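Asker: Prediction below, plus the sequence it came from.
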Amino acid sequence: AQKVTQAQTEISVVEKEDVTLDCVYETRDTTYYLFWYKQPPSGELVFLIRRNSFDEQNEISGRYSWNFQKSTSSFNFTITASQVVDSAVYFCAPWFSGGYNKLIFGAGTRLAVHP
Amino acid sequence: DTAVSQTPKYLVTQMGNDKSIKCEQNLGHDTMYWYKQDSKKFLKIMFSYNNKELIINETVPNRFSPKSPDKAHLNLHINSLELGDSAVYFCASSQRGQQGPQYFGPGTRLLVL
């Protein structure tokens, strides 16, 4: 089976706290891509990052960082020093090559950052 | 310039009506998609077109009919609207073969009364 799990439905933090959003996926494919999207309260879907299965380097972009662990099939997303503007629903979305050829979105994690 | 645009942004209509949503992208991508997001925020793909050819057709009622007049446009027509069709519909585009990111339009919020 090919699927993605975002076990955290909602997370609530106070500004400046660090927060990690978990994403675990299942696949037998050796080639796949992993994406994160942000959906702020305004409703649009914003692309954050794309990672392919052969590149296990972690990535940092400002306050955002991503930890890809192929051995545990996880692609977690950390926001450092969270801000109120980070409040949104975050989606992990793998793209599996094995006959699916489409993004499979997780259920999303709703992050609320309070002042 | 808006990369992926959708019209209308809001659509309120009565059960049984027929409605269309239009989507246009100016990113030069060759693949376009329609997604449905329900009230619990679940996002699911409905259709995908590559160069005007249907390549993904999920289990969607045949009241939904996509149409791609050219690779920059993908419209969604819905016949005989039902209450359960109320959702946000997103259009997206990407470049096939590169597994690049999909870029989404702003969404169309459909409410069927």
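Answerer: It's in. No experiment lies behind these values; they were computed from the predicted model shown. Numbers count the residues shown, from 1 in each chain, chains lettered A, B, ... in the order given.

Asker: Listing request: residues of chain B with sub-threshold pLDDT.
Answerer: B:1, B:97-98 (pLDDT under 70).

Asker: Would you map the strands across it?
Answerer: B:4-7, B:10-13, B:19-25, B:31-37, B:43-50, B:53-57, B:64-70, B:73-78, B:87-94, B:103-104, B:108-112 (DSSP state E).

Asker: got a list of what the residue positioned nearest the centre of chain B touches?
Answerer: Chain B has residue B:34 as the residue nearest its centroid, 3.1 Å off, counting by CA atoms, centre = their mean. Residues in contact with residue B:34, defined by CB atoms under 8 Å, 6 or more residues apart in numbering or on different chains, are B:23, B:45-48, B:66, B:74, B:76, B:89-92. From N, CA and C alone the C-beta is placed, and that goes for glycine too.

Asker: JSON lines please, covering the residues you listed and showing distance to residue A:36 and neighbour count.
Answerer: Listed next are those as JSON lines, based on distance: CB to CB, whole Å; neighbours: other CB atoms under 10 Å in any protein chain shown:
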{"residue": "B:23", "distance to residue A:36": "23", "neighbour count": "25"}
{"residue": "B:45", "distance to residue A:36": "17", "neighbour count": "21"}
{"residue": "B:46", "distance to residue A:36": "22", "neighbour count": "18"}
{"residue": "B:47", "distance to residue A:36": "24", "neighbour count": "21"}
{"residue": "B:48", "distance to residue A:36": "21", "neighbour count": "27"}
{"residue": "B:66", "distance to residue A:36": "27", "neighbour count": "20"}
{"residue": "B:74", "distance to residue A:36": "24", "neighbour count": "29"}
{"residue": "B:76", "distance to residue A:36": "26", "neighbour count": "22"}
{"residue": "B:89", "distance to residue A:36": "22", "neighbour count": "22"}
{"residue": "B:90", "distance to residue A:36": "16", "neighbour count": "27"}
{"residue": "B:91", "distance to residue A:36": "20", "neighbour count": "27"}
{"residue": "B:92", "distance to residue A:36": "15", "neighbour count": "24"}
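
Asker: Report the entries of the residues you listed that also contact chain A.
Answerer: Contacts with chain A within the contacts of residue B:34, counted by CB under 8 Å from any CB of the partner chain: B:45, B:48, B:90, B:92.

Asker: does the first one have beta-bridge partners, and which?
Answerer: Okay, so that is residue B:45. Assessed by DSSP bridges, residue B:45 has beta-bridge partners residue B:35.

Asker: what's the burial count for residue 50?
Answerer: Here I'm looking at chain A. 18 (other CB atoms under 10 Å in any protein chain shown).

Asker: actually it's chain B I care about, not the one you picked
Answerer: Residue B:50: 20 neighbours (other CB under 10 Å).

Asker: circling back: nearest to residue A:3, of the contacts of residue B:34?
Answerer: Nearest to residue A:3, judged by CB to CB, of these is residue B:45 at 14.3 Å.

Asker: can you tell me which residues contact that closest one?
Answerer: A:102-103, B:33-35, B:56, B:58.

Asker: and if you look at residue B:20?
Answerer: Counting by CB under 8 Å, 6+ apart, residue B:20 makes contact with B:75-78.

Asker: For residue B:101, which residues are in contact?
Answerer: Counted by CB under 8 Å, 6+ apart, residue B:101 has contacts A:35, A:47, A:50, B:94.

Asker: Name the nearest residue to residue B:10, ignoring sequence neighbours.
Answerer: Among residues not flanking residue B:10 along the chain, residue B:109 sits closest, at 5.1 Å (CB to CB, 6 or more residues apart in numbering or on different chains).

Asker: quick one: contacts for that neighbour?
Answerer: Residue B:109 sits in contact with A:43, B:9-11, B:88, where contact means CB under 8 Å, 6+ apart.
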